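1. Sharing a model that was predicted from the sequence below.
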Amino acid sequence: MNNIEKILWERFEGGDDRLFRALKDLFEDADRTSGKPGIEFVTSLLERYTFISRNKYDDGIDCIANFISSEFDLSRTLICASTADHTKDSAQMVLYDLTTALGFLGYLNVNTANRYDRAQVFAGKVDNIILVDEFLGTGRSFIGRVKEISSHFKNKNTPVPGIHALVVAGMDFGLRRVAAYVKTIHCFEALRPGLRGFLSGLPLKDAYKILDDIESVLAQNIESQALPRHGDGECEALYARAKGNCPNSVLPIFWWPRFENGNQRIPPFPRVFC
């Protein structure tokens, strides 16, 4: 109990009762599957966790807004959420908050689009397109959207604008992948994979064994969605934003909502699937 309290205050600004109970349950799962090494393993993950508090998120938005202000002519720039469809997405939240932050910097008119496929409407009108998002995992989806935007402009026989990627947080290897496809990439908080980013050799092998044992008690499928072992694309992300929807790149022991036996579990950082 004392260890959980210490972690909450050191990593999660004290947390709340729900997070305390969820971490307590997670430690109990680790103890049942792997004993003391399991408890030590979960402790090490939490000590590496990146938690974006509301204040830190605001700092990230301000940092990105200042970068945009210093690097771009906003009269010839489109800021676009990397969102792909009509469902809710944190990229749209970032877009909204960025335009507000730019307003505080004195910009009265900002070209925006709340879906990446709307960028083509600005053919011939902008020199730069900034794709924004909260979290970047493997980078696969982001790269696909960059390619599609470029294709739209080429099909209209208009010059392809410079495409840029700005995110609040992202995996270091995903950021490197995306960097090869955009003119500029800027990230407020870059993360290493939670296991292979810190361990190697036998300690890494042992850590994977413990993780696999804990994941084995989770439901392998929920409503046709398969358990993303080690996080989507094996990102091994250790990330959460205060009151945020947990990315599926995060290790599922922190957000998967059901056990293999069908019982519900209280995850530390919940995720709404849709």
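-> Alright, I've got the coordinates. The model shown is predicted, which means the values in this text are computed figures rather than measured ones. Numbering: from 1, shown residues only.

2. CA only for contacts and neighbour counts going forward, please
-> Fine.

3. pLDDT below threshold where in the protein?
-> Scanning the chain for pLDDT under 70 picks out 1-2, 274.

4. longest helix of it?
-> With residue count as the measure and DSSP state H as the assignment, the chain has helix 17-47 as its longest helix.

5. Following element in sequence after that one, please.
-> Following helix 17-47 in sequence order, the next helix or strand is strand 50-52 (DSSP states H and E).

6. Who are the packing partners of that next one?
-> Contacts defined by 3 or more C-alpha pairs under 8 Å, 6 or more residues apart in numbering; DSSP states H and E place strand 50-52 against strand 239-241.

7. so how far is the strand it packs on off the chain centroid?
-> Taking C-alpha atoms, centre = their mean, to the nearest Å, one finds strand 239-241 lying 7 Å from the centre of the chain it belongs to.

8. That strand - contacts with which helices or strands?
-> Counting by 3+ C-alpha pairs under 8 Å, 6+ apart, strand 239-241 packs on strand 50-52.

9. now with 10 Å?
-> strand 50-52, helix 54-71, strand 128-136, strand 162-171 (3 or more C-alpha pairs under 10 Å, 6 or more residues apart in numbering; DSSP states H and E).

10. between the third one and strand 162-171, how many degrees?
-> Orientation note: strand 128-136 sits at an angle of 10 degrees relative to strand 162-171 (axes from the mean of the first three to the mean of the last three C-alpha atoms, to 10 degrees).

11. Just checking: what are the partner strands of strand 128-136?
-> strand 77-81 (parallel), strand 162-171 (parallel) (DSSP bridges).

12. Would you convert the ones you listed into a markdown table that also reports distance to residue 260?
-> Formatted as a markdown table, the strands paired with strand 128-136 follow (distance: least, C-alpha to C-alpha, whole Å):
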| stretch | distance to residue 260 |
| --- | --- |
| strand 77-81 | 36 |
| strand 162-171 | 29 |
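
13. Secondary structure element holding the nearest residue to residue 115 once chain neighbours are set aside?
-> Leaving aside its sequence neighbours, residue 115 sits nearest to residue 83 (C-alpha to C-alpha, 6 or more residues apart in numbering; 4.8 Å). Using DSSP H and E, residue 83 falls within no helix or strand.

14. Is residue 83 in contact with residue 131, as I believe?
-> Yes: using C-alpha atoms under 10 Å, residue 83 makes contact with residue 131 at a distance of 9.2 Å.

15. tell me, what's touching the two both at once?
-> Residues touching both residue 83 and residue 131 (C-alpha atoms under 10 Å, 6 or more residues apart in numbering) are 91, 113, 115-116, 142, 145.

16. and of these, the nearest to residue 235?
-> Within the shared contacts of residue 83 and residue 131, proximity to residue 235 (C-alpha to C-alpha) peaks at residue 142, which comes in at 14.9 Å.

17. by how many degrees do the host helix or strand of that closest one and strand 162-171 diverge?
-> For residue 142, the host element (DSSP H and E) is helix 140-155. Orientation check (the same axes, to 10 degrees): helix 140-155 against strand 162-171 gives 170 degrees.

18. Roughly how far does the nearest residue to residue 21 once chain neighbours are set aside sit from residue 20?
-> With sequence-adjacent residues excluded and distances taken as C-alpha to C-alpha, 6+ apart, residue 21 is closest to residue 266, at 7.8 Å. According to C-alpha to C-alpha, to the nearest Å, residue 266 stands 10 Å off from residue 20.

19. what do these two both touch?
-> residue 26.

20. before we move on, the earlier item: could you list every residue that touches the residue nearest to residue 21?
-> Contact analysis of residue 266 by C-alpha under 10 Å, 6+ apart lists 18-19, 21-26, 254-258.

21. Of these, which is the most crowded?
-> Greatest neighbour count in those, by other C-alpha atoms under 10 Å, goes to residue 256: 28 neighbours.

22. picking up where we left off before, of the strands paired with strand 128-136, flag the one that's most buried.
-> strand 77-81 (a mean of 25; mean count of other C-alpha atoms under 10 Å).

23. Extract the CA atoms of it and return them as PDB.
-> What follows is strand 77-81 as a C-alpha-only set of coordinates in PDB (Å, rounded to 0.1, in the frame of the first residue of the first chain):
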ATOM      1  CA  THR A  77      -0.500  27.400 -43.500                       C
ATOM      2  CA  LEU A  78      -3.200  24.900 -42.700                       C
ATOM      3  CA  ILE A  79      -3.300  23.200 -39.300                       C
ATOM      4  CA  CYS A  80      -5.100  19.900 -39.700                       C
ATOM      5  CA  ALA A  81      -6.100  17.200 -37.200                       C
END
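
24. Sounds good, over and out.
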